[in-house]
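Chemist: based on what follows, work out the 3D shape:
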Amino acid sequence: MATEIGTITMARDTAAAWTSSNPVLGPGEFGIEEDTQCMKIGDGATAWASLEYANAPSVTTLPSSPSNGQRAYKSTDNQEYFYDGTRWLSSSQYELSFTNPNGESRIGIDAIIGILPVPYKTEGYSLWMERASFTLFKSGTGTFRLDFTWQSTNVRNIIVSSPNFTGNGTWETQDVAIDSVLSGTATSLYLYLSDLAGTANCHPCAQIYYRLIG
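Modeler: Residues are numbered from 1 along each chain as shown. Got it, this is the predicted structure:
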């Protein structure tokens with residue numbers, strides 16, 4: 001019995017032609033832009049121009065007038081970005097972790113817990129600071145706070161602070177939104193422990209989540 005080999009051809013046209021005709025693709029139907037090699041997948045209801053790309057278009061310069069949520073793969077950065085309505089942000093989210101050296105405790109004292117250089121600064125990227133997750137264990141009745149700060153010329157600038165930690169003998173975690181651009185003059189990032197009242201043995205740490213600005 002002879003084996004027949006079939007060929008499946010997807011709907012295809014130039015990006016401009018797709019935009020001009022603006023069709024509604026059927027559920028699961030593929031549409032390919034021949035000149036960009038990008039594709040969209042229909043849902044049976046949304047017109048072409050309003051569909052998200054299934055793969056991000058490859059560019060060397062990010063578009064200057066993008067639509068909200070638009071994606072692009074910047075080949076010169078080897079990075080995918082999305083437009084949040086104000087700026088291009090990396091689709092990848094990155095994390096910085098600050099932990100107490102050797103797990104030692106701090107007893108009723110203001111202290112710098114960790115210092116890190118500003119990531120990607122030497123490559124010329126600006127950073128979008130997305131959120132912070134603060135964790136602290138303490139035994140005692142004191143009240144403590146963790147500050148995520150940046151420093152330049154010996155001045156400590158608070159980016160975001162945790163709510164006050166008041167628990168005794170328990171781990172507490174506080175997630176706090178940042179949603180701001182890190183100052184271009186920042187040279188170092190610090191996690192700072194503030195003793196607001198009383199004394200306690202404390203084990204603080206934090207994770208900071210950020211994205212690159214394209």
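
Chemist: give me the phi and psi angles of residue 49.
Modeler: Here is the backbone geometry of residue 49 (degrees, to the nearest 10): phi -60, psi -20.

Chemist: and it, how many residues sit next to it?
Modeler: Applying other C-beta atoms under 10 Å, we find 13 residues neighbouring residue 49. Bear in mind the C-beta positions are built from the backbone N, C-alpha and C, glycine included.

Chemist: apart from its chain neighbours, what residue comes closest to it?
Modeler: Excluding the flanking residues, the one nearest residue 49 by C-beta to C-beta, 6 or more residues apart in numbering is residue 22, at 5.2 Å.

Chemist: and residue 90, by the same measure?
Modeler: Once chain neighbours are set aside, the closest to residue 90 by C-beta to C-beta, 6+ apart is residue 212, at 4.0 Å.

Chemist: so what's that neighbour up against?
Modeler: Contacts for residue 212 (C-beta atoms under 8 Å, 6 or more residues apart in numbering) come out as 77, 79, 89, 90, 92, 94, 120, 125, 126, 127, 128.

Chemist: ok, now which ones touch the nearest residue in space to the first one that is not next to it in sequence?
Modeler: In other words, residue 77. Nearest non-adjacent residue to residue 77, counting by C-beta to C-beta, 6+ apart: residue 214, 7.1 Å away. By C-beta under 8 Å, 6+ apart, residue 214 lies in contact with 62, 74, 77, 79, 81, 87, 88, 89, 90.

Chemist: per-domain residue ranges of this structure.
Modeler: With domains defined by automatic domain parsing, the chain comprises 1-55, 94-213.

Chemist: can you tell me which residues contact the closest residue to residue 99 other than its chain neighbours?
Modeler: Ranked by C-beta to C-beta, 6+ apart and with sequence neighbours excluded, the top spatial neighbour of residue 99 is residue 205, at 4.5 Å. When contacts are counted by C-beta under 8 Å, 6+ apart, residue 205 touches 97, 98, 99, 100, 113, 134, 135, 136, 191.

Chemist: now the second one: which helix or strand?
Modeler: Element membership for residue 98 (DSSP states H and E) is strand 94-99.

Chemist: what packs against that strand?
Modeler: Applying 3 or more C-beta pairs under 8 Å, 6 or more residues apart in numbering; DSSP states H and E, we find strand 94-99 packed against strand 111-117, strand 200-213.

Chemist: same thing but 10 Å
Modeler: strand 111-117, strand 126-140, strand 143-152, strand 188-197, strand 200-213 (3 or more C-beta pairs under 10 Å, 6 or more residues apart in numbering; DSSP states H and E).
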